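Trainee: After the sequence you'll find the predicted model.
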Amino acid sequence: MRLVPSLVLAAYGWRGPGRWTLARRNGLTWLVTPRNHVDRRHLEPGGHEPLQRETLIGLLDQHPPDLFFDIGANFGLYSLMVAQRYECAVWAFEPDPRNFMQLGANVLVNGLEGRIAAIPRAVSRRSGRIGLVRASDRSAGRPRTAPPTEEAPDEAAGEWVDAVAIDALDLPPAERIAAKIDVEGAEDDVIAGMTALLSRSRGVLQIEILPGQGDRTVSRLRALGYAEAIRIEHDRYFVKD
C-alpha cells in the first residue's frame, strides 16, 4: 500500500507555485497539494475515508437533509460531496486559515459558492474567542482548539480565533439536519452549542470521537433523541427519526 502514495506523488509532482495542482475526482475538481497527508489520500484510489463517506451517504439517502453542517471542514471533502448530491444548504466551518483558503478555492472552482457557505470560524459551546493550534502543512487535517501555546511538536504556535455556537446563528428553517463533526477532541463543546437545534430537529450526525472522550457526548446525544447506529473506527453515526 505504500506504493500508492509514491505513485500519486510521481503523477502530480512537486510543481507550480506553492506546490498545488488541480485534480478531478468523483465529478468534482479539487485544488490539492501532495505535501499534505489528507490531500494525498484524496488522490489515492477510493479517496480519503471511503467507508465513512459511503456510510454517511447511505444514511443521508434515507434521511435527506434540509441543512448540512460540515464542522471542521478542512478542504471541503464532505461539503462538496453533500452539495453535489442533495438539494440542501451547506454550512462549512473551518478556523485554520490555510485549510479555509483551500476550502474556498474548492467551492469556487466547482461553482458551488451559491450552495456552500464557507465560514472561517471554529464551532464551540458559546460564541467568542477561542484558542486554535494549527496543524502542520504536512498533516493539515489536525488543527485543534486549545489555549495558545508557544510551540507543540509538528504544530504551529497557538493563536486566538473567532468561535460560534450553532444555536447562536440565524439559521434557515430546517426540519431535518445533518452534520459531520471532526474537531479533534472538541466534539462535546460543539454538541453543547447546538442542543437547541438538535432537540427540535431530526437528522443524522457523523462525529469523530477520540478514544476515552465519548461518554459525555453520547449521553448528551441520547438525551436529545439521537441513537447510535453505526461505528467505523473513531467515527460514530447517530440518527434521530
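Mentor: On my side now, so go ahead.

Trainee: sec struct for the most centrally placed residue in the chain, please.
Mentor: Centroid-nearest residue in the chain, with CA atoms, centre = their mean: Ala73, separated by 3.0 Å. With DSSP: H, G, I helix; E, B strand; the rest coil as the basis, Ala73 sits in coil.

Trainee: what's the nearest residue to it if we skip its chain neighbours?
Mentor: Ala92 (3.9 Å; CB to CB, 6 or more residues apart in numbering). Backbone N, C-alpha and C define where each C-beta goes, glycine included.

Trainee: residues near that neighbour, how many?
Mentor: In terms of burial, Ala92 registers 29 neighbours under the definition other CB atoms under 10 Å.

Trainee: cool, the one 5 residues further on as well?
Mentor: Using other CB under 10 Å as the criterion, Pro97 is surrounded by 14 other residues.

Trainee: so how far is Gln206 from Thr29?
Mentor: According to CB to CB, to the nearest Å, Thr29 and Gln206 sit 24 Å apart.

Trainee: With Tyr86 instead?
Mentor: With distances taken as CB to CB, Tyr86 is found 14 Å from Gln206.

Trainee: Which one's more surrounded, those two?
Mentor: Between Tyr86 and Gln206, counting by other CB under 10 Å, Gln206 is the more crowded of the two (24 against 18).

Trainee: what's the nearest residue to that one if we skip its chain neighbours?
Mentor: In space, Gln206 is closest to Lys180, 4.6 Å off (CB to CB, 6+ apart).

Trainee: The host helix or strand of that neighbour: partners in the sheet, and parallel or antiparallel?
Mentor: Assigned by DSSP states H and E, Lys180 belongs to strand 176-181. Using DSSP bridges, strand 176-181 pairs in its sheet with strand 67-71 (parallel), strand 202-208 (parallel).

Trainee: picking up where we left off before, so the residue nearest to Ala73 sits against Ser79, correct?
Mentor: Yes: counting by CB atoms under 8 Å, Ala92 does reach Ser79; the two are 4.2 Å apart.

Trainee: between those two, what contacts are shared?
Mentor: Common contacts of Ala92 and Ser79 (CB atoms under 8 Å, 6 or more residues apart in numbering): Asp70, Ala73, Leu103, Val107, Ile116, Ala118.
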